[in-house]
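1. just need the structure, nothing else, for what follows:
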Amino acid sequence: MEQRVNSEPPAENQKKKKMAEDEGKTTAEGEKIEEMKPWEQHSAVISIPRFDYNASSSLLRHSHSGFLITCPIKREKSATKEAISILEKYILSNHDAKRRKTCMDDANAECKGSREESGTSMEKSDILSLVKLTRSGLVLFKFPFDKSPAVVDIVSQIFQSLESGILKSPLWCNRILPIQGTCCLDEKELKKIVTKLVEQFMNNRQKETGNTVKFAVGYNRRGIEETEMKNLRNTSSDPDIFALLDRNKCFSVVAAAVKEVVPDSIVDLKDPEICVLVEVLPLSGVPDRTAIVGVSVLPRALVTTKPRLSIKALVSDTKETNKKKR
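-> A predicted model of the protein is given here:
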């Protein structure tokens, strides 16, 4: 029987054993077992996708759904890896549930085949594109314009999993905003997309007769400060181009769109039933004097109204405080 011979010099082998013993973890051959930190484990398992440099031009031409994630400044890479690990799971489960329903409604041989093909493409994780932004502390993913998953349902499932303990609290992702559609910051385009999303919301809602629908509007310019707006107005030949960057003007356009769909609706900032969020997306590679916004119409359960209307944080301030005390 052939005996295994250690080809390494005795001195080198003893050195390895000593280093491994100092760490307290060794293999039978005295090899050191590497203990990776959580972020190193993330990096080893999940690679960061490259930016989709065609994303900006596509967003100028088409409406896209996706997710806007907030994170600490200079932690965008860590947040990207973490977001991918979270979103992939729920995008796949949401997709499979939809496919199962389709198969039950239309049971035939083709359904099985199409499900297998679609499942394969989903598992390749190429359905989400990473979009390059000009602001720190943000990560943006978009779906192809011809695919519109139920992004609000996906975020709702993430919150449910966090509350039940199935999903661990994220370290880097602070908030995940589901974006149901995008458009240029133009009065006509904004009104069109808000009208469409509010109609979808009302169709899915069990309206109680006699009750007035309460709504609120949230608008985030994402770093476009008042001084920048003033400079844009002064340098622009058309003063109406950036009119909607004004908060009050944007609110009035969105409110008119909501009332067009739900005439008996009223504004209620404390306890709204319909929450319309408009987010200016700081995209890289878009022409000057052009702004793209992401729009979402969300239920009350997914938003917080204090200090302003926004998507709920994934980890509550109370939990964050407790972490720091430890």
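2. buried residues, stretch 66-86. List them.
-> The neighbour-count check on stretch 66-86 (16 or more other Cβ atoms under 10 Å) flags 66-71, 75-76, 78-84, 86 as buried. C-betas here are computed from N, CA, C, even on glycine.
3. inside helices: which ones of those?
-> Counted as lying in helices by DSSP state H, out of those, are 76, 78-84, 86.
4. return the member of the buried residues of stretch 66-86 nearest to P144.
-> G66 (10.0 Å; Cβ to Cβ).
5. how about the nearest residue to that closest one, chain neighbours excluded?
-> Leaving aside its chain neighbours, G66 sits nearest to K142 (3.8 Å; criterion: Cβ to Cβ, 6 or more residues apart in numbering).
6. beta partners for that neighbour?
-> Beta bridges link K142 to G66, S129, judged by DSSP bridges.
7. quick one, strands of this protein?
-> Residue ranges of the strands in the chain, as given by DSSP state E, are 66-70, 129-131, 138-142, 175-179, 181-184, 214-220, 266-267, 274-281, 292-299, 303-304, 310-311.
8. let me see the mean pLDDT of the second one.
-> What it means is strand 129-131. Taken as a whole, strand 129-131 has a mean pLDDT of 95.
9. equivalent analysis for the fourth one, please.
-> Per-residue pLDDT values across strand 175-179 average out to 97.
10. for K168, see how far away S161 is.
-> 9 Å (Cβ to Cβ, to the nearest Å).
11. so for the two, which sits in the more crowded spot?
-> Set S161 next to K168 and count neighbours by other Cβ atoms under 10 Å: S161 wins out with 15 against 9.
12. what sits closest to the more buried one if chain neighbours are left out?
-> Excluding the flanking residues, the one nearest S161 by Cβ to Cβ, 6+ apart is L167, at 3.7 Å.
13. check contacts around that neighbour.
-> With contact taken as Cβ atoms under 8 Å, 6 or more residues apart in numbering, L167 is in contact with 86, 158, 161.
14. for R308, which non-adjacent residue is closest in space?
-> Distances taken as Cβ to Cβ, 6+ apart place G218 nearest to R308, at 6.6 Å, with adjacent residues excluded.
15. over to D52?
-> Of all residues not flanking D52 in the chain, S129 sits nearest, at 3.8 Å (Cβ to Cβ, 6+ apart).
16. residues of stretch 250-267 that come out buried?
-> By neighbour count on 16+ other Cβ under 10 Å, the buried set for stretch 250-267 is 250-251, 253-255, 257-259, 261-262, 265.
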